[in-house]
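Student: what's the 3D shape of this:
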Amino acid sequence: MIAKDLMTANPFVVAASASLQDAAELMHKHDVGMIPVVRDLQTRTFEGVITDRDIAIRCVANGRSSDGFVAAYMTKEPLATVRPESPVDEIVQLMERARVRRIPVVDGSNRVVGIVALADIVRGLGKREPGTVEEVLERVSAASHALT
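Tutor: Numbering: from 1, shown residues only. As a prediction, the model looks like this:
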């Protein structure tokens, strides 16, 4: 199984020049905690990600206004990304090393074409490889927990 088989294709994105308010509204509307950040909406060239945690910790907790720009608070490259043809075991290893639960999928031109979330891996492998899913959940969750 490869990223293309698991990913959410053509996810919504936010431009680095957008306001944090715009990014937060997108997160709320689509019930997600991470949005890929792109140079502009036409080219969808990957620049980084903005998370609900970025907004809460880097902006709100520091007493800054939510009318700032995404570019000032986003997590920038180098970030973990995969290609559409990346195998699932490579994606899982990258999630573990990077301590993330979601990875943007970019094409050869560095354009955002999808997102693979831990939940996508669980759905994709669940019935076929339940033992693998259990191990993946445990390892990625342990790695993420280690950051707190």
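Student: from here on, contacts and neighbour counts on C-alpha atoms
Tutor: Will do.
Student: what are the boundaries of the helices in this protein?
Tutor: 3-6, 20-30, 52-53, 70-73, 88-98, 118-125, 130-145 (DSSP state H).
Student: quick one: list the elements packing against the fifth one.
Tutor: This points to helix 88-98. Applying 3 or more C-alpha pairs under 8 Å, 6 or more residues apart in numbering; DSSP states H and E, one finds that helix 88-98 makes contact with helix 130-145.
Student: in stretch 43-63, what's buried?
Tutor: Within stretch 43-63, the residues that count as buried by 16 or more other C-alpha atoms under 10 Å are 44, 45, 46, 47, 48, 49, 50, 51, 52, 54, 55, 59.
Student: you'd agree the third one is up against residue 111?
Tutor: Yes. Applying C-alpha atoms under 8 Å as the test, residue 46 and residue 111 come out as touching, 5.6 Å apart.
Student: do you know how far the closest residue to residue 107 other than its chain neighbours is from residue 124?
Tutor: For residue 107, ignoring the flanking residues on the chain, the nearest one in space by C-alpha to C-alpha, 6 or more residues apart in numbering is residue 83 at 5.8 Å. The spacing between residue 83 and residue 124, counted by C-alpha to C-alpha, to the nearest Å, is 17 Å.
Student: how close does the residue nearest to residue 6 when sequence neighbours are not counted sit to residue 88?
Tutor: Nearest non-adjacent residue to residue 6, counting by C-alpha to C-alpha, 6+ apart: residue 120, 5.7 Å away. Distance from residue 120 to residue 88, counting by C-alpha to C-alpha: 10 Å.
Student: and residue 11, by the same measure?
Tutor: With C-alpha to C-alpha as the criterion, residue 11 and residue 88 are 19 Å apart.
Student: over to residue 82?
Tutor: 10 Å.
Student: can you check which residues contact both of the two?
Tutor: Common neighbours of residue 82 and residue 88, using C-alpha atoms under 8 Å, 6 or more residues apart in numbering, are residue 3.
Student: show me what contacts residue 87?
Tutor: Residue 87 neighbours (C-alpha under 8 Å, 6+ apart): 1, 2, 3.
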